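Student: next input, structure requested:
(chains A and B)
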Protein chains: 2
Amino acid sequence: MDIIRNCREMQLRAESIRQEGRRIAFVPTMGYLHEGHLNLMREAKKLADELVVSIFVNPTQFGPGEDYEKYPRDFERDEALAKQEGVDIIFYPSVDDMYPPGYQTYVTVEEVTRNLCGMSRPVHFRGVATVCTKLFNIVKPHTAVFGKKDYQQLVTIRRMTADLNMDMEIVGVDITRESDGIAMSSRNAYLKQEEREAALSLSRGLKIAKKLYDDGERGASVIIRAVREYIESHEGTDIDYVKICDAETLEDVETLERESVIALAVRVGLPRLIDNHVFGEPLIIP
Amino acid sequence: MDIIRNCREMQLRAESIRQEGRRIAFVPTMGYLHEGHLNLMREAKKLADELVVSIFVNPTQFGPGEDYEKYPRDFERDEALAKQEGVDIIFYPSVDDMYPPGYQTYVTVEEVTRNLCGMSRPVHFRGVATVCTKLFNIVKPHTAVFGKKDYQQLVTIRRMTADLNMDMEIVGVDITRESDGIAMSSRNAYLKQEEREAALSLSRGLKIAKKLYDDGERGASVIIRAVREYIESHEGTDIDYVKICDAETLEDVETLERESVIALAVRVGLPRLIDNHVFGEPLIIP
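Tutor: Numbers count the residues shown, from 1 in each chain, chains lettered A, B, ... in the order given. The predicted model follows:
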């Protein structure tokens, strides 16, 4: 496994892999790898001759006052885990190489970034779209793999790659959950032991939503109210949003007719946790 | 010479040219080709195995009330001229294929687009940066060639390709002028015969600026005043701006110390004409 720290060196390597007619699969991450990331790597591995994983805590997708500085980092552990998964190249650039002095170009995806996390994190998706454009131009993947936990991110990246004619496939991978049901996230590291019960209210809230849907309920407000009440019944939860949206446009829906997603963001102690469920898809929660 | 109208077909063709190890040079145009464009093609031809020219009047770079609908178009004539220059592929997409329903992604370059034409054309450079990103992703060029007449555009594209790690070289080509000195532009087609004398005040104004500079003048305001007075002495001219800027950042300068550019935008009858001169470079005007 190679570790490449320089953007131009990674780009030259990627171009030479492509010239050999070999396929590149790419998993962009912010590191502090967990089982969710490793699942993305396993999926990506099936799709390519060369598997590239980037580790970069991207400053432009954190707003003022968010957790950029304290975001958990452990490169040595990440390196060992990536090696175990058969990663061929870790791309591990510095902030200065990615954003040199005078940097001033941004990619914005408009409608799909306005709702959900876009409401409370106004610069977040601009940062995500920008860094992914840069990473895609550096790593030149045939396929990039993203988790469905960051559902709005996946929709945004799909929209961006289609709109900007990026010649690559975007693959979404199902949410990986801890044994108790909590969606895997690097930010779960912030959770204190006594906050886990409150954190479980997200996935269990989704289970309530799924049950209502399976029993025939199609009114978004009825499902939202039930989920909110359940989450609020747990001490230490502070709901940012509970919303049901069109799965592609991410606009709020009143009635669940087309493919719809229920998305949650809840602060539990320090971390703001997110989770979601696309109605009609499997949801395995204890 | 092939004419390709479909974005995906062009992209597959470009990828297959690259797989053969052949170099692609690209000249993006809005058509209505003139000698300036043909010079870009001649330069591009030297740099590549395969020369691609796009013809696309891009709606997103025109503001409300600008001349998108009446921008001159003549595809048959463009086709004949491109063929004469040895163009290998004309990429001639439709607006619907470039911007399908639901399109919502934009590329913005910030500081360098604020001054000069960015002041009176607030969405222009966002449209230029977006369409160039799309075209670059479709045509996959090793080199793209732009004219220096649209100086701010050239600076913007250079900045964008560097910031977003686009793996290509941007080449700028000197302004091509008509025999009387007017910078070649498709919009010169709007000029009435009696307006040409007024239109000549742009290039002749640059000549005055160059003369002052060559005589040792380094005060931007002195040079600007002389050029403004000269242009205003011509009936039918309406100055949008006369500015002297840092050649790279495009910020106004007071004193010509680092490499500087004088840039003009003047409405003469219907068209808004632009011209510029980088101090220290040649300027051949009758």
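Student: quick check: the residue of the stretch 1-150 of chain A nearest chain B.
Tutor: A:Thr105 (3.6 Å; CB to the nearest CB). For every residue, glycine as well, the C-beta is placed using N, CA and C.
Student: so who does the nearest residue to that residue once chain neighbours are set aside touch?
Tutor: Nearest non-adjacent residue to A:Thr105, counting by CB to CB, 6 or more residues apart in numbering or on different chains: B:Asp163, 3.6 Å away. Going by CB atoms under 8 Å, 6 or more residues apart in numbering or on different chains, B:Asp163 touches A:103-105, A:134, B:109.
Student: what about the residues you listed, which are in helices?
Tutor: Those of those mapping onto helices are A:Lys134, per DSSP state H.
Student: switch the contacts of B:Asp163 over to a markdown table; also include pLDDT and distance to B:Asp96.
Tutor: Below are the contacts of B:Asp163 laid out as a markdown table (pLDDT from 0 to 100; distance: CB to CB, whole Å):
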| residue | pLDDT | distance to B:Asp96 |
| --- | --- | --- |
| A:Tyr103 | 98 | 34 |
| A:Gln104 | 98 | 31 |
| A:Thr105 | 98 | 27 |
| A:Lys134 | 98 | 29 |
| B:Val109 | 98 | 26 |
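Student: tell me the one among the contacts of B:Asp163 nearest to A:Ile274.
Tutor: Ranked by distance to A:Ile274 (CB to CB), these are led by A:Lys134 at 24.0 Å.
Student: can you tell me how far the closest one sits from B:Glu248?
Tutor: 21 Å (CB to CB, to the nearest Å).
Student: which of the two has more neighbours?
Tutor: Taking A:Lys134 and B:Glu248 together and counting by other CB atoms under 10 Å in any protein chain shown, A:Lys134 has the greater number of neighbours (24 against 15).
Student: list the contacts for the more buried one?
Tutor: If a contact means CB under 8 Å, 6+ apart, then A:Lys134 has A:98, B:163-165 as its contacts.
Student: give me the domain ranges for chain A.
Tutor: A:2-173, A:186-278 (automatic domain parsing).
Student: B:Glu194 is nearest to which of these?
Tutor: The closest of the domains of chain A to B:Glu194 is domain A:2-173. By CB to CB, the value is 42.8 Å.
Student: helix or strand for A:Val171, which one?
Tutor: Using DSSP states H and E, A:Val171 maps to strand A:169-173.
Student: list the buried residues for that strand?
Tutor: Neighbour-count burial for strand A:169-173, counted by 16 or more other CB atoms under 10 Å in any protein chain shown, picks out A:170-173.
Student: now do the end-to-end distance for stretch A:93-109.
Tutor: End-to-end distance of stretch A:93-109 (CA to CA, to the nearest Å): 25 Å.
Student: also stretch A:262-277?
Tutor: Stretch A:262-277 has an end-to-end distance of 5 Å (CA to CA).
Student: just the buried residues of it, please?
Tutor: For stretch A:262-277, burial by neighbour count (16+ other CB under 10 Å) applies to A:262-266, A:268-269, A:271-277.
Student: okay, these in TSV with secondary structure, distance to A:Arg126 and pLDDT next?
Tutor: What follows is these, written out as TSV (DSSP: H, G, I helix; E, B strand; the rest coil; distance: CB to CB, whole Å; pLDDT from 0 to 100):
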residue	secondary structure	distance to A:Arg126	pLDDT
A:Ile262	strand	25	98
A:Ala263	strand	19	98
A:Leu264	strand	23	98
A:Ala265	strand	18	98
A:Val266	strand	24	97
A:Val268	strand	26	96
A:Gly269	coil	28	90
A:Pro271	coil	22	91
A:Arg272	strand	19	94
A:Leu273	strand	22	96
A:Ile274	strand	18	97
A:Asp275	strand	23	98
A:Asn276	strand	21	98
A:His277	strand	27	98
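Student: which one of these is nearest A:Asp150?
Tutor: Closest approach to A:Asp150 among the buried residues of stretch A:262-277 (CB to CB): A:Ile274, at 7.2 Å.
Student: please name the nearest non-neighbouring residue to that closest one.
Tutor: Per CB to CB, 6+ apart, closest to A:Ile274 is A:Ala265, 4.8 Å.
Student: isn't that neighbour up against A:Tyr241?
Tutor: Yes - counting by CB atoms under 8 Å, A:Tyr241 is a contact partner of A:Ala265 at 5.3 Å.
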